[in-house]
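Engineer: Output the structure for:
(one chain, ligands or ions: 2)
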Amino acid sequence: MSIHSVEDIKADSARLRGSLLESLADPVTGALRESDQTLIKYHGSYQQDDRDIREERRQALLEPAYAFMIRTRTPGGVVTPAQWLQLDAIATRYAERGLRITTRQAFQLHGVIKTELKATMQAINAALIDTLAACGDVNRNVAVAADPQPSAAHAAVQAQAAALSERLLPNTRAYYEIWLDEERVASSGGEEEPIYGDRYLPRKFKIGFAVPPVNDVDVFAQDLGFIAILGDDGALLGYDVSVGGGMGASHGDPETYPRLGSIIGFIGPDQVTAVAEAVVTAQRDHGNREVRKRARLKYTIDDRGLDWFRSEVERRAGFPLPPARPFFFSHTGDRFGWAEGSDGRLQLGLRIPAGRIVDGRLDGRGDPVRHLSGLRTIAMLLQREGDGAEFRMTPNQNLVLAGIPAPLKTRIEELCAEHGLDGWRGATPLRRNALACVALPTCGLAMAEAERYLPDLLDRVQRLLDGHGIGDAPIHLRVSGCPNGCSRPYLGEIALVGRAPGRYNLMLGADHRGQRLNALYRDNIDEAAILAALDPLFAGYARDRHDGEGFGDYLVRCGAVSIPERDVRRAIPIVHVAEEAPA
Ligand code: SRM
Ligand code: SF4
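Structural biologist: Numbering: from 1, shown residues only. Ligands and ions are numbered 1, 2, ... in the order given. Okay, here's the model as predicted:
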């Protein structure tokens, strides 16, 4: 679809209504009209088809097996045990492949058929969760540091992020009319959109809040990143503001590239909304609406200059941005296992491979797991006795059970062991930290496998590491099925980026703090070539690494890869910070 048609569809949509009601009511096809396929994204859903059986259906002269992916808007990935149970019931009834935790702390349901889409949306809303603006050219789910334990200011940051997510929602009532049967009041559908305007943003927009020393949200991959700056007493002083991060690129097109956000200054907590609105509206007015591939904020900034953009933000916000304050990131990973908060309550970090929560064999291999039913049982326990405990999805596709009363620890441990949820215990750092995007069979853009390939890939890479006696190296590996970069692969120390079935670009050399992109090491190679390329590098790392040196840092130091300065963001030096080891 051309850029102009997307812009026209938005403008002509009567505030995102389009002909969605007619499309949904059409009994002849499992699909929506083409323009409605664009519009439904703003309602938090994508039309997809099962690519595993696409060819078979084509040969049988059947239309593709259309079904819908639904994505929640869950700022910071926080849900209550009651909401967890409702989502589980919805996934079990309407979706295929269980619940999926995304790299932005949302849930995705896959495989919902058109005739059940409305009932599914209603059930999600009945759980007091919505899907509005989870996709589309608007601000998406706001990501927030997931681990509440290291910082007393975490609750303030989470509350601020949730409020910003609300503030940046579109004003249209279309969502409530189409899915929740709200009566339409204005026949023209003319709700004002002071932030977005008639055509919404030129492209998707993403915000993340990091709480140092952990950079689990990959703050420099966000269009707009807020880095919490804490006082000596742990209180929230404000945020350093980063703009213009983004991962997406297209193979063979140098006009598109991943970019790390650039820090433009420091703001107080009460200036977050003004700065966010300034950044969003500057992108609305100056983002590229001609070439969709160049429409993200990162290109607006590179095309017009960072100084121009900073002045534009200051002008719109109505105040100057003083210099950024010092901060320090130690890693982007999650904490696993038990930790105790200052209030004596406990939290438990659980590894969920590629975020997929199912009962059965993970992608048909290995020992069967009972993650879905295990978490259901734990949610029932926490609902009864948890006294405010909550589930927190992490941007690394994992799960934190937070605010658990100490007396429940043993019972929860037993339930985890019973249902195979204690996999983090024996898992090597490679397995704990790995990310993979969804890719096949649902993603229409996938060029190669990712989530379904991850277990085999990890086995093979782990074997190599073990062979060199460095099986416990804390290496961050990420796989994406195409260059769009949904698992933020360009921030992986090792990354595979899909080119074609079974073939990937091998990218190497990012750090584990989210401050340096990797670089292309080998183009379009198969698994055997990937392992052959990694083997001597692991040998060198085992032999020559310095104490505590990460694999990506080693590769840069020894010259195996060279990363341009523009792809590095240096922390602003801070003293007296204890470095936390990656998980
Ligand atoms: Fe993504 C498109 C899945 C996080 C960059 N992404 C897609 C679609 C919707 C494919 C499509 O357009 O038809 C994928 C649906 C697959 C499926 O079957 O479920 C998809 N993206 C995902 C998720 C589920 C990956 C995961 O394994 O968890 C993540 C959902 C996040 C959420 O809850 O909102 C997801 N996507 C990301 C991230 C990471 C992040 O945001 O931190 C990125 C890189 C950061 C960025 O935006 O630059 C990302 N997704 C993209 C892009 C490239 C955008 C660009 O600037 O070029 C696309 C393609 C597009 O927009 O045209 C895309
Ligand atoms: Fe699909 Fe590509 Fe995103 Fe993977 S990276 S989910 S293949 S769009």
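
Engineer: After the worst-scoring helix or strand of the chain on mean pLDDT, which helix or strand is next? Please name it.
Structural biologist: Every helix and strand of the chain was ranked by mean pLDDT, DSSP states H and E. The lowest is strand 365-370, at a mean of 78. Next along the chain after strand 365-370, taking DSSP states H and E as the criterion, comes helix 371-385.

Engineer: Could you break the protein into its assigned domains?
Structural biologist: Per the record, the chain has its domains at 337-428, 430-558, by the TED database.

Engineer: could I get the ones you listed as CSV with distance to H110?
Structural biologist: Any C-beta I mention is one placed from the backbone N, CA and C, and that applies to glycine too. Below are those laid out as CSV (distance: least, CB to CB, whole Å):
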stretch, distance to H110
domain 337-428, 10
domain 430-558, 5
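
Engineer: Go through stretch 217-229 and flag the buried ones.
Structural biologist: For stretch 217-229, the neighbour count (16 or more other CB atoms under 10 Å) marks 217-229 as buried.

Engineer: Convert stretch 64-79 to CSV, retaining C-alpha atoms only.
Structural biologist: Coordinates of each C-alpha in stretch 64-79 appear next as CSV, following Å, rounded to 0.1, in the frame of the first residue of the first chain:
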residue,chain,number,x,y,z
PRO,A,64,-5.9,-17.8,3.3
ALA,A,65,-6.7,-18.8,6.9
TYR,A,66,-7.3,-15.3,8.1
ALA,A,67,-7.3,-14.6,11.8
PHE,A,68,-6.5,-11.7,14.0
MET,A,69,-3.7,-10.8,16.4
ILE,A,70,-4.8,-8.7,19.3
ARG,A,71,-2.3,-6.6,21.4
THR,A,72,-3.1,-5.1,24.7
ARG,A,73,-2.2,-1.6,26.0
THR,A,74,-0.7,-2.4,29.3
PRO,A,75,1.7,0.4,30.3
GLY,A,76,4.7,-1.0,32.1
GLY,A,77,3.2,-4.5,31.6
VAL,A,78,1.4,-4.5,34.9
VAL,A,79,-1.8,-6.6,35.5
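
Engineer: can you count the residues close to the residue nearest to P501 when sequence neighbours are not counted?
Structural biologist: Nearest residue to P501, sequence neighbours excluded (CB to CB, 6 or more residues apart in numbering): A448, at 5.8 Å. Using other CB atoms under 10 Å, A448 is surrounded by 21 other residues.

Engineer: Same question for A448, what's its three-state structure.
Structural biologist: coil (DSSP: H, G, I helix; E, B strand; the rest coil).

Engineer: how about it, phi and psi?
Structural biologist: Torsion angles at A448 (phi, psi; degrees, to the nearest 10) stand at phi -150, psi 170.

Engineer: what residues are up against it?
Structural biologist: Counting by CB atoms under 8 Å, 6 or more residues apart in numbering, A448 touches 439-440, 481-482, 496, 498-504.

Engineer: For the nearest residue to L224 once chain neighbours are set aside, what are phi and psi?
Structural biologist: Nearest residue to L224 in three dimensions, chain neighbours excluded: I207, at 4.7 Å (CB to CB, 6+ apart). Per-residue torsions, I207: phi -120, psi 140 (degrees, to the nearest 10).

Engineer: after the longest helix along the chain comes which helix or strand?
Structural biologist: Taking DSSP state H as the criterion, the chain has its longest helix at helix 527-544. Note on helix 527-544: by DSSP H and E, the next helix or strand toward the C-terminus is helix 551-557.

Engineer: re earlier: number of nearby residues for the residue nearest to L224?
Structural biologist: 27.

Engineer: What score does the residue nearest to P501 have for pLDDT?
Structural biologist: At A448, the model reports a pLDDT of 98.

Engineer: now do the one 10 residues further on
Structural biologist: The score at L458 is 97. That number is its pLDDT.

Engineer: cool, the one 10 residues further on as well?
Structural biologist: Note on H468: pLDDT of 98.

Engineer: Might one say that it is in contact with A542?
Structural biologist: Yes: H468 is within contact range of A542, at 4.1 Å (criterion: CB atoms under 8 Å).

Engineer: Could you report the separation of the residue in the stretch 151-300 of the chain positioned nearest to ligand 1 from C482?
Structural biologist: The nearest approach of the stretch 151-300 of the chain to ligand 1 comes at G248, 2.1 Å away (CB to the nearest ligand atom). G248 sits 10 Å away from C482, going by CB to CB, to the nearest Å.

Engineer: quick one: which of those two has more around it?
Structural biologist: C482 (23 against 19).

Engineer: hmm, back to that, make TSV out of the contacts of A448 and add pLDDT.
Structural biologist: As requested, those are exported to TSV (pLDDT from 0 to 100):
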residue	pLDDT
A439	98
L440	97
G481	98
C482	98
L496	98
G498	98
R499	98
A500	98
P501	98
G502	98
R503	98
Y504	98
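
Engineer: Redo these as TSV? Include distance to A162.
Structural biologist: Converted to TSV, the contacts of A448 look like this (distance: CB to CB, whole Å):
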residue	distance to A162
A439	30
L440	33
G481	31
C482	31
L496	34
G498	34
R499	39
A500	41
P501	41
G502	42
R503	41
Y504	37
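
Engineer: Export the residues you listed to CSV and append columns for secondary structure and distance to ligand 1.
Structural biologist: Shown next, in CSV, are the contacts of A448 (DSSP: H, G, I helix; E, B strand; the rest coil; distance: CB to the nearest ligand atom, whole Å):
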residue, secondary structure, distance to ligand 1
A439, coil, 7
L440, coil, 9
G481, coil, 9
C482, coil, 8
L496, strand, 14
G498, strand, 12
R499, strand, 16
A500, strand, 17
P501, coil, 17
G502, coil, 19
R503, strand, 20
Y504, strand, 16
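
Engineer: which bits of the stretch 201-350 of the chain sit near ligand 1?
Structural biologist: 204, 206, 221, 246-248, 296 (CB under 6 Å from any ligand atom).

Engineer: Taking those residues together, which two end up most distant?
Structural biologist: K204 and A221 (12.7 Å; CB to CB).

Engineer: got any ranges where the chain has weak pLDDT?
Structural biologist: By pLDDT under 70, the low-scoring segments of the chain are 1-4, 186-190, 362-366, 573-583.

Engineer: what does it have sitting close to ligand 1?
Structural biologist: Going by CB under 6 Å from any ligand atom, the residues of the chain near ligand 1 are 46, 48, 69, 71, 102-104, 106, 108, 140-141, 204, 206, 221, 246-248, 296, 355, 397, 437-438, 442-445, 484-488.

Engineer: got the contact list for V461?
Structural biologist: So V461 contacts 430, 477, 494, 531, 534 (CB under 8 Å, 6+ apart).

Engineer: which element is it on?
Structural biologist: helix 454-467.

Engineer: Tell me the strands beside the next helix or strand after that helix, with direction?
Structural biologist: Next along the chain after helix 454-467, taking DSSP H and E as the criterion, comes strand 477-480. Here strand 477-480 has these sheet partners by DSSP bridges: strand 435-436 (parallel), strand 494-500 (parallel).

Engineer: could you dump the ones you listed to JSON lines with distance to L555?
Structural biologist: Below are these laid out as JSON lines (distance: least, CB to CB, whole Å):
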{"stretch": "strand 435-436", "distance to L555": "19"}
{"stretch": "strand 494-500", "distance to L555": "9"}
